[in-house]
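*Asks:* please find the sequence and the predicted model below.
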2 protein chains.
Amino acid sequence: MARRSDHSREEIHEMALSAAEKIVREQGYGGLSARKVAGAIGYTVGTLYLVFDNLDDLILQVNSRTLDRLHAQMLQEQSAHAPARERLLQLGHSYIRFANEDPHRWGMIFEHRFPPEQETPAWFRVKVERMFALVEARLEPLAGEHSANEIAQAARALWSGVHGICILAITDRLDIAGVSSVQQLTQFLMDNFLDGFISGCN
Amino acid sequence: MARRSDHSREEIHEMALSAAEKIVREQGYGGLSARKVAGAIGYTVGTLYLVFDNLDDLILQVNSRTLDRLHAQMLQEQSAHAPARERLLQLGHSYIRFANEDPHRWGMIFEHRFPPEQETPAWFRVKVERMFALVEARLEPLAGEHSANEIAQAARALWSGVHGICILAITDRLDIAGVSSVQQLTQFLMDNFLDGFISGCN
DNA sequence: TAAAGTAACTGAACATCGTTCATAATTCAA
DNA sequence: TTGAATTATGAACGATGTTCAGTTACTTTA
């Protein structure tokens, strides 16, 4: 048996999350199991339940970290002095690149369902909002006469679109292959949408 | 024991699919199990495996029928003599209404993953293509100078966008409630995209 | 009518899953 | 040194998908 001072609670917690991330990256959501995680960190199942409420809890925390990494990468890959429209496109490309580099971990954010009628945790909503905010911020300087409400709508519509392309492409529902095609399609969507939204040539 | 002439293979096949659809509608993808389906039609698990290769096979066939119903509904709800742009919007609204009326059955199309590295069945691709074709057909009269390839791209970009809104809304990732809000957001996306795509005010 | 043959169906068995909890092992305090 | 507190274990439970030897029901043959 591992000695009780080998690892603190916090260390086990961290080790389990890392191990889970590795398993998901390599084997996907379906390949994740409590016993696998426990085995990977040299403990048994029981120990996992001292540190997490249950598997859902563990998955939720993995997803939380994935959302954090995604947000960080989207921020980091922004070129600070580029025009807003270009930065908007960069956000889309970052998103797609992230999803493509680790499709299983990205996918688990959307594959995992919260237990029946236990509503989405507040912090999860916050992290999603945070992403929309990123889009809104780039949209604002382009929006001209549009109201704040319209900008919020535009961010959600546009970003759902990017997400839609991404998820259909990755789960092989679109008939396109390769990151560049996906990014091309995304650019196509964004270009036309922004042309319509900005100039309002109506 | 059920007598061997009680039901033909085909009847059992049909009964199982119907029972599975009911279970999925009421309890979602996660609530589906071989024993539940078998129990619901008055047979045991073993019998199910005389009629289906495995659960994946059964799920795939349920999804196939869902795609058929979706396609039929989208076709049926088109008003034949409306302008192309309006019919395009109708397609979007049909899609959202369908997803909203039976979210679990619609959702299973996208939740279910094909077993590792067994690629998407050809007939599945066909049924997805069939849907894009519907969009392309409405897009064509609006497309002006755009090439066939650009129309195909537009259909995929636009429809991925509609799907993205739909899936994020239904899985509670957008902060909007109710069908009408979702349809409003979809209209917003389509309007701006089409403004950009059609007039090409560039 | 009796026996043999065939098709239909069963359900116990296997490995794996999430989850629990009495028990054992280890450390700490007195 | 001893007793209390902490920490980890792993067997157990009820699910899951899947298989397949065995039983039952029906059909054909003699």
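*Replies:* Yep, that arrived.

*Asks:* pLDDT wise, what is the residue nearest to the spatial centre of chain A at?
*Replies:* Residue closest to the average C-alpha location in chain A (C-alpha atoms, centre = their mean): residue A:67, at 4.5 Å. As predicted, residue A:67 sits at a pLDDT of 97.

*Asks:* how close does it get to residue A:110?
*Replies:* Residue A:67 sits 11 Å away from residue A:110, going by C-beta to C-beta, to the nearest Å. Glycine gets a C-beta too; all of them are placed from N, C-alpha and C.

*Asks:* wait, doesn't the residue nearest to the centre of chain A sit right on residue A:126?
*Replies:* No: look at residue A:67 against residue A:126 with C-beta atoms under 8 Å: they stay out of range, at 9.6 Å.

*Asks:* so for the two, which residues contact both of them?
*Replies:* Counting by C-beta atoms under 8 Å, 6 or more residues apart in numbering or on different chains, residue A:67 and residue A:126 have no shared contacts at all.

*Asks:* anything in stretch A:109-125 near DNA strand D?
*Replies:* No: judged by C-beta under 7 Å from any atom of the strand, stretch A:109-125 stays clear of DNA strand D, getting no closer than 14.6 Å.

*Asks:* show the contacting residues for residue A:132.
*Replies:* By C-beta under 8 Å, 6+ apart, the contact set of residue A:132 is A:152, A:155-156, A:159.

*Asks:* show me what residue of chain A gets nearest to chain B.
*Replies:* Taking C-beta to the nearest C-beta, chain B has its nearest neighbour within chain A at residue A:164, 2.3 Å off.

*Asks:* how does chain A divide into domains?
*Replies:* Listed by automatic domain parsing, the domain ranges of chain A are A:1-52, A:54-199.

*Asks:* turn the ones you listed into CSV, columns for distance to residue B:29.
*Replies:* What follows is these, written out as CSV (distance: least, C-beta to C-beta, whole Å):
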stretch, distance to residue B:29
domain A:1-52, 13
domain A:54-199, 8
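
*Asks:* give me whichever of these is most buried.
*Replies:* domain A:54-199 (a mean of 17; mean count of other C-beta atoms under 10 Å in any protein chain shown).

*Asks:* got the angle for the stretch of helix or strand residue A:104 belongs to vs helix B:103-111?
*Replies:* Per DSSP states H and E: residue A:104 is located in helix A:103-111. Using axes from the mean of the first three to the mean of the last three C-alpha atoms, to 10 degrees, the direction of helix A:103-111 lies 180 degrees away from that of helix B:103-111.

*Asks:* what sits against residue A:87?
*Replies:* Listed by C-beta under 8 Å, 6+ apart, the contact set of residue A:87 reads A:78-79, A:138.

*Asks:* hmm, I typed the wrong one, I wanted residue A:74.
*Replies:* Counted by C-beta under 8 Å, 6+ apart, residue A:74 has contacts A:91, A:94-95, A:98, A:131, A:134.

*Asks:* show me the two of the residues you listed that sit farthest apart.
*Replies:* A:98 and A:134 (13.0 Å; C-beta to C-beta).

*Asks:* all strands of chain A, in order?
*Replies:* In chain A, no strands are defined using DSSP state E.

*Asks:* show me the shaky parts of it.
*Replies:* For chain A, the stretches flagged by pLDDT under 70 are A:1-5, A:116-117, A:200-202.

*Asks:* where does it get nearest to DNA strand D, residue-wise?
*Replies:* residue A:46 (2.2 Å; C-beta to the nearest atom of the strand).

*Asks:* hmm, stretch A:53-60 in reach of DNA strand C?
*Replies:* Yes: shown here: stretch A:53-60 in contact with DNA strand C (C-beta under 7 Å from any atom of the strand) through A:54-56.

*Asks:* closest one of those to residue A:22?
*Replies:* Set against residue A:22, the nearest of those by C-beta to C-beta is residue A:55 (16.0 Å).

*Asks:* tell me the contacts of the closest one?
*Replies:* Residues near residue A:55 by C-beta under 8 Å, 6+ apart: A:32, A:34.

*Asks:* out of the contacts of residue A:74, which are close to chain B?
*Replies:* Restricting these to those within reach of chain B (C-beta under 8 Å from any C-beta of the partner chain) leaves nothing.

*Asks:* quick check, nearest of those to DNA strand C?
*Replies:* The closest of the contacts of residue A:74 to DNA strand C turns out to be residue A:98 (C-beta to the nearest atom of the strand; 25.5 Å).
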